[in-house]
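1. could you look at this predicted model? Sequence included:
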Amino acid sequence: MDEKEPILSEARPETKPETKLQKILPVVLRWGLVGLIAIVVGALIITFTLYAPTQQKFNKASVELNDANATISEKTDQISTLQAENDNLKMDLEAATLHWAVLEALSGVRGASLAVADDDYAGARLMLIKGTEAIDIISSQLGTDHNDVLTAMQQSAAQALDDMQNDLKSAQPELDQLVNNLVQLEDTLFPNP
C-alpha cells in the first residue's frame, strides 16, 4: 500500500491552503455585483419615476412658454398699433378742437359785427365776448407759434369792446379787422384742399 500511497499523492495536486483574501474575495465580488445591480436598478427607477415625468413637464412648459411669448408678441404689436391710432386720433381731436375754436371766434366776431349793424349793443357785446373767449382758447392751444397774431387779435377785441361803449358804430373797423385776421388764421391752419 505504500506503493499506492505515493501514486495517490501524485494524482492529487497539492493544494495550498486558502488565504484569508482568497476566502473573502468571492464574497466581496458577489456583494459588489449585488450593490452595482442595486445602483443600476435605483438609477433606472429614479430615471423613470422622477426624471422622465419632469422632462415631460418641462417640455410641456417650454411649449406653453413659447405660445405665451408668441401671444405677448402679438399683443405687443396690437398695443403698438392701437397707441399709434390713439396718437393719430388725439392729433385729429386737437386739430378739430382748434378748428372749432377758430370757427367759434369767427362766429362770435361776425355775430358782433351783425349786431353792430343792427344797433344792438347787448348782442354785439355778448357775441364779441364769446369770440374773445374762443380767441383765448386758440391762444392756449397754439402756444407761441402764432403768439403775435393772437395778441393782436386779443387787443383788437378789447379795443372793439371799448369802442362799443363809446359809439357802437366805431367798433366796426376793429371787428372787420378781427374777421379778416380770423379768416386768414383759419386758412393758414386749415387750408382747403
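-> It's in. Numbering: from 1, shown residues only.
2. can you pull up the most central residue in the chain?
-> The centroid of the chain falls nearest to I79 when counting by CA atoms, centre = their mean (5.8 Å).
3. would you check how far apart that one and N66 are?
-> I79 sits 20 Å away from N66, taking CB to CB, to the nearest Å as the criterion. C-beta here means a position set from N, CA and C on the backbone, and glycine is covered the same way.
4. other SSEs contacting the helix ranked longest in the chain?
-> If you go by DSSP state H, the chain has its longest helix at helix 52-117. Secondary-structure packing of helix 52-117 (3 or more CB pairs under 8 Å, 6 or more residues apart in numbering; DSSP states H and E): helix 121-142, helix 147-166, helix 172-189.
5. ok, which of those helices comes nearest K20?
-> helix 121-142 (106.7 Å; CB to CB).
6. which residues sit against the closest one?
-> The contact list for helix 121-142, computed with CB atoms under 8 Å, 6 or more residues apart in numbering, reads 94, 97-98, 101-102, 104-109, 111-116, 147, 150, 153-154, 157-158, 160-161, 164, 168, 171, 175, 178, 185.
7. any of those residues buried? List them.
-> The neighbour-count test (16 or more other CB atoms under 10 Å) applied to the contacts of helix 121-142 identifies 98, 101-102, 104-106, 108-109, 111-113, 115-116, 150, 153-154, 157, 160-161, 164, 168, 171, 175, 178, 185 as buried.
8. tell me which residues of stretch 171-181 come out buried.
-> Judged by neighbour count using 16+ other CB under 10 Å, the buried positions of stretch 171-181 are 171-172, 174-175, 177-179, 181.
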